[in-house]
Structure formats: C-alpha cells, structure tokens
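**Student:** no sequence on this one, just coordinates:
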C-alpha cells in the first residue's frame, strides 16, 4: 500500500473515527483504525461493536491496500506532524513507513483480517433532516437519559416518525424530555430506541449547518447516519419504550410565565449552598406576581424574588435544582411557561410546537 | 460588621487569597478567609501555615468588624452573584447576611480568633524588581525543582542577590536551571531558598507588566512579596543549597547553533512514540551540519534531520526528551546554543547574560 494525503484532511478524518474507539476494552483490536487505500480515496473505519464509524478522504493512491493501526497513536502522530503532505507506505508484514517533511516514522500495524468490519445495512427506510436540527434535538434531550444499565431501554432515546412529525424523547425516573420537528416530507411510521452513547457521538460529529442534511436509515437492528463523507452505524436497543403520551397532560391549575435566564441564574445561585453530594431541593413559592426561590442547607440559606406573570392559583412546590437547570439551559426562548397542578404533580415546561419537559417535584417537608 | 463592596473587586480579591487556601487539610480553619472591615477598606487574609496572603480592596464600611468564613464557598457565591454592589452584615454570633440584587444569603461564619493570622515581618532587607521579570524568571526555572520532600532544600529555588546581580536557580538530580538579571541598584548580599509552591503561587498572582514593581523583603525565616494591595508571606526553607557554581563550566568540545522551535517540534514528535510511562531517550546525533534525531520504542521508530551550525567535534548523545522540551519551551530566543563535551558529560544550553540550563545525558546503550 502506498498513498499520499493532506495532513489536515487526515487529522480531521481520524478525529471523526476516534469517536468509536473505546477508551477501555478487553479487545485491543477495537483500539485500532482500519485505513483502506482505494482508488483516489482513503476509507477509515473504527468499531466498538455497538457503534461503528466510517469516513472517506481524497488521497493520491499509488498502490491500493489496507492497514490496521492503533487509532490513538496514529492520531497523536498525525496531529503533531508539520502541515505538509503525508506519505504512507506499508508492506505485507504490517510494517508502516510514514514520511512528512523531514520526519520519518517506522510503525507496526496489526493484522487487519481480525478487525470486525461494519455490517451491511439495508437502506430502505430513511428520513432526511438538517444536521443542525438533529444536533440540537439530541443535545436538548440527551441529559435525561438514564445511566442505569439494568434498565437498558432508558439508556437510549426514542426516535419516532409519524407522517411528517419527527420526535425525540428520553426519560429517567424523575423527568421526561421531548423535542419535536416537522419534516419536509411524510414517511412511514418508525419507532426505535437509539443508544445515548451513539447520539452523543453523532451530535459531536455533526458539524453541519441548517442547510446541510443527514440521512438516517433504519433497519431491524441498526440505525445508520450518513452525511458528507461519513457514516455512523449503531445497534438499536431492543424492547418497548415507556408510553410517554400517557404521562403528558395539557391541563393545569397554575401557569407561570418567567424570564428563562433570570430563573436559571437564580437557581444556579441557590445551588451554591449545596456542598458535595448534598441533595436539597429548591423551593419555588409562587405567589401573586412573584416567585420566591428558597434554599436551605447545612451551610446557610438563600432566597430571591423573581417577577412573573401568573394565571391560576398560588403554589409552593420543590424540585431538585439540577433537573430545572438542565431544562432551562437547553431552551433558546427568552420567556418560558411553567404549567403546574399541585405540590405533588409534575411540572411541565412546554411550548406548543417544539418541546415538552416534564419534571417531578420532590416532597416538601415543612419545618 | 457592615459594609458594601463592588462585586468584581471582591471576586478578584478572593481569587488572590484563595491561592493560600490548602486543598486538603487536617485543620479546617485553614480553609477559611478572614474578612476584616476597616476604615473604608476590606482586608482579606488566608494562611496555609507555610504561605499566607493578604489583600485589600476599597469598600464602604458602615461598621468595622471581622468575620471568618469558608473561602471556597464565599468565592463560589460571589462569583455567581449579579454584577452589582454586595452588602455584608455580620452579628456577634457569626451569622452573616449577604444581599446582592434581589438575592439574600444567610451564612454561618466561624470564630475568627482561632485563625492563625500572618506574622509581622521585619522590613529591613529588600530588593525591588519588575513584576513581569520576576514572573518570567520563576516560570523559566521552576520546572526543575525536585518534588521529593525527603530532600526538602531541592523543593525550593535559590534566590541570590550579589550587588546588582539577581539570580534564581533550581535543580533536581538531572538538571540545573538558572536565570539572571541586573537590578537597578545594588543591595547587600542575600542567599535564601524559597519553597517552589510559594513561587508558583506568586507567579500566578503577579499579573503586572514590566513597569509594575514588586518589593521582596527578606527576614531570617520569611520572605515577603509586596505589590499593589497584596502581600504574600512565606517561610523560607532552611539549610544550605547545593554549590551550583562548581557544576558549571564554560568549556566545550562541540557547540551547536540550532533553531529553537524546529528542535522543539522535532523532539515533541519523537515523544509521540512513547506510550504511558515508557522512558526512552531521544538520541541526538550531531554530524557535520546536521542533527539527526532518533527515537526507538516498543511501537516503532522515528528519525528526523535538522540543519545546524556546528563548531568542534561530531557527537552522539542521548537525553530524556522531557528535560530538553522543558528548557526549549521557556526560552524566548529564536536560536539557541548547545555546548557539549562528550556523551557522558552534561549539555549546557546558555546565553552570556540571562540563562544557563544544564541537562545530564542518559547512558547510550548501543544495540
């Protein structure tokens, strides 16, 4: 194998495929990247057995071939090479020669035949969305996936397509996050659960803007994201997701309209009184046209008032501050609406079109 | 006690004194900051028993007084307050009330009488240097202090004043770093060893430019740095420092003039072949008008040539790459000179005026 490629192209490609290289593994071969020199292009592949990535770059290929090499090592080396052409050469014994500028490296590759290449995915069912939108939707919901591996289904996010409606949802035992968008065209119904780890990596690799598209293909056991010169393949999580619709409600007893940043800054300040693993709720006291936020901990107490617009009854309710902060951070709007029933019922933060967040309150033990 | 102060002044002051708050300690009182409200100013003090910091800010003091409060906590709170005036109030029972904007905090202070206040230092012997220069000199030498507490003297740096010559030196078992400067006036001879930890914090707090000065006072057991509204007091390390002069030499058999950045980038690339704790030397093969750098490790090998100007004999010598990198990173000059004898004698990197770095080679075991 012999090829010459551009340093920054190669660097970028390796950074993409590194996302599917496991940090710790009992199978050292998964720490490698497959570099295939094809006609006028290179194909880089990594696979951690649940997530696989393949990306292509153009290169001047003198002799086709395939090598397998430690991904972290080759990435470190390439990053620190001078900004010049890189010349790769490999023989049949997995000896790799790499030239760049005046630097010459001799490296040992591994036997590529042992590497688990990516499965072929049937490309029948697909949708097309904007890279920017998908990235946003993932980031706006992924914080409420569960990390409890004993309840595997909750470590993923539910992707649902119904006609031209596309919805992503995640939930743990305390909250539900839902983001919705309208697709440009209608598709057959799809309902799959994609691992949170996959989506987290997808959201990091998807750097495109609102006009750049990503195709998402769904097969029985896999999902495939395809964009620019990259594909990401992931296993789906098997099983039935919780019935989210039955948790939702459009009724309310109290509706509060509040400035998002002001509420966020205020709850953020309240959490300053939490030391280490202390787990105290923030009390939201809705009265007339004000929220009085209160926090009491071992260290001390704080309170702060925020002006609001209110419909309905006054209410005193308590939440884990982290859950509210998570939601307020991923909403773009200046003003938000909270919908509440009573101190024991969930609070909804939602607009009509694009998002619904449900947060369970914590028990308010009055002193 | 009652006072009002500006949020960003207070924030800046607390960040300065935080540098003398120990991360872990068996004496929780040392995690606190003393806040004294004096006539029209606040004095903040921290002390970890070997390093103490005091800084002042202007404030509107309604009632003088003194409080002791957890430094990390108050720093976190102040940082997240809105950018407005902060109002502090404390009663005799160490209850602290803090208002800022609409936020109100109730905090518990501690009994300030238990806090070890800073010792009075006799201000007789002193020198004056530029903040910028002192910061640079510390950063250019501190990397070669030893972290072996069993040989305490080497965990500090030697400060030597002789007439108008000011020199800072540090050494571990493999290298010596010396920086020199000429003072504006002459002083009596001074020779003290200052803990590396102190100097590291001093270099972080000294943000002044070349025109801003710092006064350094020396007493029998302490050193005191005074600048702007801050003083830093540190214990000195007792004992005699090694005789550095007898390690130095101006002779050489080989003199190499080389581009600093080129050599640095090249050694940096060679270290890419080192995995984890692997400890392989970089071989510097000086021949005619080139250095050929070589590195051989478990993973592979690399070599790279650099053009040089040479006086004297050819030489093949090996070093721990980290030691050379440390030195090359803190030199500002474009071109540097290496002075060498043979493969077993130290290499000197020095100019005539301001610096001398000595690095011991490692044994070259030829394969």
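**Tutor:** Received, thanks. Since this is a predicted model, take the numbers as computed values, not measurements.
**Student:** what parts of the stretch 251-367 of chain A come near chain B?
**Tutor:** When proximity is defined as Cβ under 8 Å from any Cβ of the partner chain, the stretch 251-367 of chain A approaches chain B at A:265-266, A:268-269, A:272-273, A:275, A:299-306. The C-beta positions use only the backbone N, C-alpha and C, and glycine is treated the same way.
**Student:** of these, which is the most crowded?
**Tutor:** residue A:266 (26 neighbours; other Cβ atoms under 10 Å in any protein chain shown).
**Student:** that one contacts residue A:306, correct?
**Tutor:** Yes: the criterion here is Cβ atoms under 8 Å, and residue A:266 meets it with residue A:306 at 5.9 Å.
**Student:** if we can go back for a sec, just to be sure, which of the residues of the stretch 251-367 of chain A next to chain B are found in helices?
**Tutor:** Residues of those located in helices (DSSP state H): A:265, A:266, A:268, A:269.
**Student:** residues of the stretch 1-150 of chain A that sit close to chain B?
**Tutor:** A:70, A:73, A:76-77, A:80-82, A:96, A:101-108.
**Student:** filter the residues you listed down to the buried ones, ChimeraX style.
**Tutor:** Written as a ChimeraX command, the selection of buried residues from these, which uses 16 or more other Cβ atoms under 10 Å in any protein chain shown, is:
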select /A:70,73,76,77,80,81,82,96,101,102,103,104,105,107
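**Student:** just the closest of the residues of the stretch 1-150 of chain A next to chain B to residue B:203, please.
**Tutor:** residue A:80 (27.8 Å; Cβ to Cβ).
**Student:** gap between the closest one and residue A:239?
**Tutor:** Note on residue A:80: its distance to residue A:239, by Cβ to Cβ, to the nearest Å, is 45 Å.
**Student:** measure stretch A:141-149 end to end?
**Tutor:** 18 Å (Cα to Cα, to the nearest Å).
**Student:** could you do stretch A:135-144 as well?
**Tutor:** One end of stretch A:135-144 to the other measures 16 Å (Cα to Cα).
**Student:** what of stretch A:44-62?
**Tutor:** So stretch A:44-62: terminal residues 17 Å apart, Cα to Cα.
**Student:** what comes up buried for that stretch?
**Tutor:** Within stretch A:44-62, judged by 16+ other Cβ under 10 Å, the buried ones are A:44-48, A:51-57, A:59, A:61.
**Student:** now, the residues of the stretch 1-150 of chain A next to chain B that are in helices?
**Tutor:** Taking DSSP H as the definition of helices, the residues of the stretch 1-150 of chain A next to chain B contribute A:73, A:76, A:77, A:80.
**Student:** ok now do the nearest residue to the second one once chain neighbours are set aside, which residues does it touch?
**Tutor:** With Cβ to Cβ, 6 or more residues apart in numbering or on different chains as the criterion, residue A:76 has its nearest non-adjacent residue at 5.1 Å, and that residue is residue B:272. Going by Cβ atoms under 8 Å, 6 or more residues apart in numbering or on different chains, residue B:272 touches A:73, A:76, A:77, A:80, B:302.
**Student:** and which of these is nearest residue A:120?
**Tutor:** residue A:73 (29.3 Å).
**Student:** quick one: mean pLDDT over stretch A:2-13.
**Tutor:** Stretch A:2-13 comes out with an average pLDDT of 96.
**Student:** mind checking the end-to-end distance for it?
**Tutor:** 18 Å.
**Student:** repeat for stretch A:166-183
**Tutor:** End-to-end for stretch A:166-183, by Cα to Cα: 7 Å.
**Student:** do stretch A:343-362 as well
**Tutor:** Across stretch A:343-362, first to last residue, Cα to Cα, it's 8 Å.
**Student:** which other residues reach that stretch?
**Tutor:** A:140, A:174-181, A:247-249, A:252, A:281, A:315-320, A:323-324, A:327, A:331, A:333, A:336-340, A:363-364.
**Student:** now intersect these with the strands, please.
**Tutor:** A:175-181, A:315-319, A:336-340 (DSSP state E).
**Student:** so residue A:87, which state does it fall into?
**Tutor:** strand (DSSP: H, G, I helix; E, B strand; the rest coil).
**Student:** what's opposite it in the beta bridge?
**Tutor:** residue A:4, residue A:99 (DSSP bridges).
**Student:** ok, it to residue A:248 distance?
**Tutor:** 59 Å.
**Student:** which one of those two is surrounded by more residues?
**Tutor:** The neighbour count for residue A:87 versus residue A:248, taken as other Cβ under 10 Å, is higher for residue A:87 (16 against 13).
**Student:** what sits against the more buried one?
**Tutor:** A:2, A:3, A:4, A:98, A:99, A:100.
**Student:** repeat that for residue A:337.
**Tutor:** A:255, A:256, A:257, A:349, A:350, A:351.
**Student:** among these, who's most crowded?
**Tutor:** Neighbour max across the contacts of residue A:337 (other Cβ under 10 Å) = residue A:256, 24 neighbours.
**Student:** bridged to that one, which residues?
**Tutor:** Going by DSSP bridges, residue A:256 forms beta bridges with residue A:310, residue A:338.
**Student:** okay, it: pLDDT?
**Tutor:** The model's pLDDT for residue A:256 equals 98.
**Student:** touching, it and residue A:317? I think so.
**Tutor:** No: assessed by Cβ under 8 Å, residue A:256 is found out of contact with residue A:317, at 10.5 Å.
**Student:** which neighbours do those two share?
**Tutor:** Taking Cβ under 8 Å, 6+ apart as the criterion, residue A:256 and residue A:317 both touch A:286, A:340.
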